[in-house]
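K.L.:
Attaching a predicted model along with its sequence, questions to come.
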Amino acid sequence: MDFDGTLVDIAERPSAIVVPRDLPALLMRLQIFLGGAVAIVSGRPLADLVSYLAPADLDIIAEHGALVRRRGKPAPEPEVIWPDSWQIRLERFLHDHQGTELEYKTSGIAIHFRRAAEAQDEALRLLTTLMSEAPGGAEILAAKMAFELKLTPANKGKAIADLMEEEPYRRRIPIFAGDDVTDEPGFAVVKALGGVPLPMDKAFQGEPRGLRDWLATEIGIKGEAAA
Ligand SMILES: O=P(O)(O)OC[C@H]1O[C@H](O[C@H]2O[C@H](CO)[C@@H](O)[C@H](O)[C@H]2O)[C@H](O)[C@@H](O)[C@@H]1O
């Protein structure tokens, strides 16, 4: 499952999300129900996901597939791969465009403009300039009210395909719920593997609560956990 807009509601800022109190418990119960085959597949930094979902110890694919942390294993400690020299230009952008927000990841940088829609074109211009200076390949993802410069070829589809080669996922039917354009490679891979893509708008009217309620019902704990 994707995280933002899928398991938790979209908020004004990345740090303003409210993780439902019972979400970690719901995911732990789901993990037991499915013999461990539960993974979070998100664009967020790994440390954020680990902390938002604690104490649930889950398989986590972070930064759109660039980082994978398997359940029970220590988190990888990757190095930041974008040049230090970019930071001063990014901070200047933030200063000049009130309401925008920067999110630094190890393999990329997101500029959020949910609270400053007028800064969208400038944000794209800056990231396009940085992309032209990027060491190696890079791409810009158009996310929800944000652009992200990603310096790895990773994507959620490839990460899901790799995970499906491993235990306890091997030989199972994948189901992937997501809400964003960055989830589309994941939907395509799941479909190609004979699985079930669950786009949030079609499957749950775009409501993370709908997905959480469905999961709780499927594993027989609806009403027990106020997820
Ligand atoms: O792959 P996901 O788990 O869906 O993560 C996608 C991005 O989600 C976050 O940004 C989005 O959610 C924010 C909080 O609701 C919202 O303020 C922002 O406008 C959205 O773009 C997260 O901050 C990014 O790092 C993720 O890539």
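P.N.:
Here it is on my side, so go on. Bear in mind that the values here come from a model prediction, so they are computed numbers and not experimental data. Numbers count the residues shown, from 1 in each chain.

K.L.:
For the rest of this, base every contact and every neighbour count on C-alpha atoms.
P.N.:
Fine.

K.L.:
where do the strands sit along the chain?
P.N.:
39-41, 59-62, 67-69, 101-104, 108-112, 139-143, 146-150, 175-178, 196-199 (DSSP state E).

K.L.:
Export the last one to PDB, keeping only CA atoms.
P.N.:
Output for strand 196-199, consisting of C-alpha atoms alone and laid out as PDB, is shown next (Å, rounded to 0.1, in the frame of the first residue of the first chain):
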ATOM      1  CA  VAL A 196      -5.400  -6.200  -8.400                       C
ATOM      2  CA  PRO A 197      -4.600  -2.500  -8.600                       C
ATOM      3  CA  LEU A 198      -6.800  -0.500  -6.200                       C
ATOM      4  CA  PRO A 199      -6.800   3.200  -7.300                       C
END
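
K.L.:
That one packs against which elements?
P.N.:
Under the contact criterion of 3 or more Cα pairs under 8 Å, 6 or more residues apart in numbering; DSSP states H and E, strand 196-199 touches strand 175-178, helix 184-192.

K.L.:
mind putting the strands of the chain in CSV, distance to residue 127 and mean pLDDT included?
P.N.:
As requested, the strands of the chain are exported to CSV (distance: least, Cα to Cα, whole Å; pLDDT from 0 to 100):
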stretch, distance to residue 127, mean pLDDT
strand 39-41, 24, 98
strand 59-62, 21, 98
strand 67-69, 22, 97
strand 101-104, 12, 98
strand 108-112, 8, 98
strand 139-143, 7, 96
strand 146-150, 6, 98
strand 175-178, 25, 98
strand 196-199, 28, 98
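
K.L.:
Reformat these as JSON lines; add mean neighbour count and distance to residue 118.
P.N.:
Below are the strands of the chain laid out as JSON lines (neighbours: other Cα atoms under 10 Å; distance: least, Cα to Cα, whole Å):
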{"stretch": "strand 39-41", "mean neighbour count": "25", "distance to residue 118": "30"}
{"stretch": "strand 59-62", "mean neighbour count": "25", "distance to residue 118": "29"}
{"stretch": "strand 67-69", "mean neighbour count": "20", "distance to residue 118": "32"}
{"stretch": "strand 101-104", "mean neighbour count": "18", "distance to residue 118": "13"}
{"stretch": "strand 108-112", "mean neighbour count": "23", "distance to residue 118": "11"}
{"stretch": "strand 139-143", "mean neighbour count": "16", "distance to residue 118": "16"}
{"stretch": "strand 146-150", "mean neighbour count": "23", "distance to residue 118": "12"}
{"stretch": "strand 175-178", "mean neighbour count": "23", "distance to residue 118": "27"}
{"stretch": "strand 196-199", "mean neighbour count": "19", "distance to residue 118": "29"}
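
K.L.:
how about CSV for those strands, with distance to the ligand added?
P.N.:
Output for the strands of the chain, formatted as CSV (distance: least, Cα to the nearest ligand atom, whole Å):
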stretch, distance to the ligand
strand 39-41, 6
strand 59-62, 8
strand 67-69, 13
strand 101-104, 7
strand 108-112, 6
strand 139-143, 5
strand 146-150, 5
strand 175-178, 7
strand 196-199, 12
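
K.L.:
Serialize those to TSV and add fields for distance to residue 185.
P.N.:
Output for those, formatted as TSV (distance: least, Cα to Cα, whole Å):
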stretch	distance to residue 185
strand 39-41	12
strand 59-62	14
strand 67-69	16
strand 101-104	22
strand 108-112	18
strand 139-143	12
strand 146-150	15
strand 175-178	11
strand 196-199	10
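
K.L.:
Residue 15 is nearest to which of those strands?
P.N.:
strand 101-104 (9.8 Å; Cα to Cα).
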